[in-house]
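Q: One predicted model, sequence on top.
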Protein chains: 2
Amino acid sequence: MIPYAKRIQEMACAAEVVSGFFKANADPETINFGIGSPAKETLPREQLRQIANELLSDPVTGPRMLSYGAPQGERELREVVAEVLLRPKGVEADPDNIMIVNGGIETMNLLCQLFIEPGDAIIVESPTFVHSVEIFEMFQAKCIPVETDDDGICPDAVEEAIKRYRPKFVYVVPTFHNPSGRTLTLERRKRLAELGSRYDVVILEDDPYRDLRFSGEEIPPIKAFDKTGNTILANSFSKIFSPGARLGYVLATPEIIEKLFDIKVATNSQTNTTLQLICAEYFKRGYFAEHLEKTRALYRSRCQVMMECVDKLFPAGTKRTTPEGGLFVWVTLPEGYDATELLKKAAQHKVSFAAGEGFFVEGGGMGKNCMRLTYGAIPEEKIRIGMERLAALLAEQG
Amino acid sequence: MIPYAKRIQEMACAAEVVSGFFKANADPETINFGIGSPAKETLPREQLRQIANELLSDPVTGPRMLSYGAPQGERELREVVAEVLLRPKGVEADPDNIMIVNGGIETMNLLCQLFIEPGDAIIVESPTFVHSVEIFEMFQAKCIPVETDDDGICPDAVEEAIKRYRPKFVYVVPTFHNPSGRTLTLERRKRLAELGSRYDVVILEDDPYRDLRFSGEEIPPIKAFDKTGNTILANSFSKIFSPGARLGYVLATPEIIEKLFDIKVATNSQTNTTLQLICAEYFKRGYFAEHLEKTRALYRSRCQVMMECVDKLFPAGTKRTTPEGGLFVWVTLPEGYDATELLKKAAQHKVSFAAGEGFFVEGGGMGKNCMRLTYGAIPEEKIRIGMERLAALLAEQG
């Protein structure tokens, strides 16, 4: 038996958490509050069918869709990112400084290849997005948790951790945070951008939920306040177009994009040309605005139902976040409740969620009384049924 | 400036060669013998359009195409691989032991994540496929070149190198080799599988050209002779379906596939669902046989024209391989000719190819008089014009 590389052992803990999400997802009868999927009914299926049909019929675009493309990504889609997705948010970007990747998460992998040596420190939020932790640990980075509150990650604590651990990255999901649903305030965004510049650290801003705002005021990305190129913006088309298309992008300095070119080539050559061109055309035809409006309305009411269920059905003393968008409500049960145990029983009752423990790199049972609940893909009636099932199981634990 | 990881320096040399191919490809007026693209006219554009149209219209399959799928790949496509692509070649495979990846090259990346520590040895052919070398060097492996002849890599030399370097992988492209166009004989295939088992080394069989045979007898993959699971078969849909779709697969033991699940999740979650389902349907409808027949006929005559041009136009004493399929002719110019210099001049004369030097990990100018010429995507008349341009430049060097 040929020995595996050391990194396999180091990623094992986060890998178990993440693969657990996929396994819970496999049973179609389970009401699954565990996976942050977009609502199937919002997927622009009919528009994509029309666009695919038209573009594949075109004697120039058709063959191009099926041929090798550019490792950096197709120009049309990079222009859409710059003009449709970034400029309105206060981020001026040159399409040359954008790379298209195979889904949002690939950016974390490529940036680790570029920057991370075994033992390098990466600052993460506490709690944080465990899927990215799995990547960081595969690259044998040491994840340093930093405290968060209702306004997101605490910049003073970030500065202290930067001085102490000299990390390569500060990894944050600033908008409708995964798993907490919270949003980093404007002041803190400015402060993080400034910390990145002052200490020459990458602020790795992972922002896939930002367009899913259903209440409150829009806040520009951290990248909008970056004056030195230290903030790198990672984003995804999964929540605003289609997760199955596996499209994402990264905005960074020309020097970094040039290096990512080689790394992308040494990962999978390029992202698929076919769906890049279909996606670009979708945005060019202006379908996005209407799509967002529908999606936001749907998520607003589903989130509302879920929050009401937590308030009405869950044990007295339960706390929850109040997201202004995105896909996640974070629930903190009273001390003594064990969400990890709850999850095991839940499977038998055809309901699932993400146990909070997995989102804390601290380990040692931290977050054992926490749950991440998603509502995006689940109709209101099913949310109520699933939450009642969870509440019944919680009543047994209480 | 945040320092890059050491691997970036170690991959720089191969990365320069590979990125050079992409840059030469950028000018549409250049006759490019440098990139192994399939012929655009063989891409099944109309069939894909119809299938996309039908599947996206389907109320069950349509939404599924745009949703998150399985990290291991969609079941339908894994079944196609097992039944349509592997069984007829003498490889019995369970779809559970197959993973779908984002283009053939991604398998090399994922397997390096699983097995390779910095400094580990990987045996490669001399010459070898430089794109894979770029990946191996990104993972800080040490590539050990082993001699090849007209029958492919020499097994005695492989055994000697295994004993001496204790490599993790023996990397081979056995059929219509890239860059040489040669095919590993049946006896040597059996011997390699047996060496993998005896010394507990991965025989990494990269076989993307095998279906493009236009003369001679089919030979089973090395994997067909593997009794211990030491041979891992990597393949791609790029040359037989569409390179733009970025679909490939890997066949390995259940233990390895289970580990690759986590690594795939930590690379880009999954390969796009949309094109996996379209591709599976394409094969299920039986379009493949006719497609192959057309493709083989086209490549047969283009290869013939290219070989005739080498024989007629290139300097006396030039040698070339006689491929029985695939996309590459390997040319060895008489001593004293410099293909690397030739390539620089060729750009000004709107013709390009791959200089042989880049395919030798030995360095030191080895292969300086060699060229890899591809013919697949270039009409006969253009092959003649391009070869005349090269011959004129060679005459200046002579």
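A: Done, it's in. Numbering: from 1, shown residues only, chains lettered A, B, ... in the order given.
Q: Now the closest residue to residue A:237 other than its chain neighbours, what are its backbone angles?
A: Closest residue to residue A:237 apart from its sequence neighbours, by C-beta to C-beta, 6 or more residues apart in numbering or on different chains: residue A:247 at 4.0 Å. (Each C-beta comes from the backbone N, C-alpha and C, glycine too.) Per-residue torsions, residue A:247: phi -130, psi 140 (degrees, to the nearest 10).
Q: OK, contacts around residue A:247?
A: Residue A:247 sits next to A:77, A:100-103, A:236-238, A:241, A:271, A:275-276, A:279 when contact means C-beta atoms under 8 Å, 6 or more residues apart in numbering or on different chains.
Q: which of these lies closest to chain B?
A: Proximity of the contacts of residue A:247 to chain B (C-beta to the nearest C-beta) peaks at residue A:102, which lies at 4.2 Å.
Q: just how off-centre is stretch A:207-220 within its chain?
A: 13 Å (C-alpha atoms, centre = their mean, to the nearest Å).
Q: Give me the contact list for that stretch.
A: By C-beta under 8 Å, 6+ apart, stretch A:207-220 touches A:85, A:89-91, A:104, A:173-176, A:178, A:183-186, A:189, A:221, A:233-236, A:238-240, A:248, A:292, A:295-297, A:299-300, A:303, A:324-327.
Q: Buried residues of that stretch, list them for me.
A: Buried residues in stretch A:207-220, defined by neighbour count with 16 or more other C-beta atoms under 10 Å in any protein chain shown: A:207, A:208, A:209, A:210, A:211, A:212, A:213, A:214, A:219.
Q: State the mean pLDDT of it.
A: Here stretch A:207-220 scores 97 as its mean pLDDT.
Q: any idea which strand is longest in chain A?
A: Across chain A, the strand with the greatest residue count (assigned by DSSP state E) is strand A:142-149.
Q: thinking again about what came up before, adding distance to residue B:169 as columns, could you present the buried residues of stretch A:207-220 in a markdown table?
A: Below are the buried residues of stretch A:207-220 laid out as a markdown table (distance: C-beta to C-beta, whole Å):
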| residue | distance to residue B:169 |
| --- | --- |
| A:207 | 38 |
| A:208 | 35 |
| A:209 | 40 |
| A:210 | 42 |
| A:211 | 43 |
| A:212 | 44 |
| A:213 | 48 |
| A:214 | 50 |
| A:219 | 48 |
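Q: So which residues of chain A form strands?
A: Counting by DSSP E, the strands of chain A are A:31-32, A:98-101, A:121-126, A:142-149, A:152-153, A:169-172, A:202-206, A:231-236, A:248-251, A:319-320, A:328-332, A:351-352, A:354-355, A:370-374.
Q: What helices and strands are in contact with the longest one?
A: When you say that, I think you mean strand A:142-149. Judged by 3 or more C-beta pairs under 8 Å, 6 or more residues apart in numbering or on different chains; DSSP states H and E, strand A:142-149 is in contact with strand A:121-126, helix A:130-138, helix A:155-165.
Q: closest to residue B:358 out of the ones you listed?
A: Among the helices and strands packed on strand A:142-149, helix A:130-138 comes nearest to residue B:358, with 29.6 Å by C-beta to C-beta.
Q: Please state the offset of the closest one from the chain centre?
A: From the chain centre to the centre of helix A:130-138 is a distance of 12 Å (C-alpha atoms, centre = their mean).
Q: That helix and chain B in contact?
A: Yes. Residues of helix A:130-138 contacting chain B under C-beta under 8 Å from any C-beta of the partner chain: A:131, A:134, A:135, A:138.
Q: so which of the residues you listed is the most crowded?
A: Neighbour tally across the residues of helix A:130-138 next to chain B (other C-beta atoms under 10 Å in any protein chain shown): the maximum, 29 neighbours, falls on residue A:135.
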